[in-house]
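1. turn this into a model:
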Amino acid sequence: MRAKVRRLESAVNEQPQVDCPVRHHFAPGLYAREIFIPAGTVLVGAVHKTENLAVLSAGRLQLVTDDGVVEISAPHTLTVRPGQKNAALALEDAVWTNFFPTDETDPDKLVEILSESKACELLGGSENAQLIKNRIKG
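-> Okay, here's the model as predicted:
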């Protein structure tokens, strides 16, 4: 399934970038990364290094996971396993939050600690493949 999601990611990178605002929340020993996903958006997630909890607090998503395709509606909580490469189609405007145990509070450092990505590669980052391809086309 991971290879299929990678192929989907390559196709998504050819499309115009969609603004998916990210908010960072901190409490002692806890980090929450919240993302707003507009309806109709296809989003491919980063590969997480650690198991974590994820909550869909608003909306409805179609998720592509290692276990297949599932549709979930808010409120929904699930466990994200390390090494997974997931994708989602927002069937409605959605709010997705991942929760991680950590004392780190620098969002850029957290990306590298918790995932196989670098902050500059994610949406809005200077090395985001989708953004680079859109600049080249423009």
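
2. so how far is residue 22 from residue 63?
-> For residue 63, the distance to residue 22 (Cβ to Cβ, to the nearest Å) stands at 19 Å. No exception for glycine: its C-beta is placed from N, CA and C like everyone else's.

3. show me which of these two is the more surrounded one.
-> residue 63 (20 against 12; other Cβ atoms under 10 Å).

4. am I right that that one is in a helix?
-> No. Residue 63: not assigned to a helix; according to DSSP: H, G, I helix; E, B strand; the rest coil it is strand.

5. pLDDT wise, what is the nearest residue to residue 76 once chain neighbours are set aside at?
-> Closest residue in space to residue 76, ignoring its immediate chain neighbours: residue 56 at 4.4 Å, by Cβ to Cβ, 6 or more residues apart in numbering. The model reports residue 56 with a pLDDT of 98.

6. so who does residue 56 touch?
-> 72-77, 94-96 (Cβ atoms under 8 Å, 6 or more residues apart in numbering).

7. mind redoing it with 7 Å?
-> Shown in contact with residue 56 (Cβ atoms under 7 Å, 6 or more residues apart in numbering): 72, 74-76, 94, 96.

8. what's the spacing between it and residue 73?
-> In terms of Cβ to Cβ, residue 56 sits 7 Å off from residue 73.
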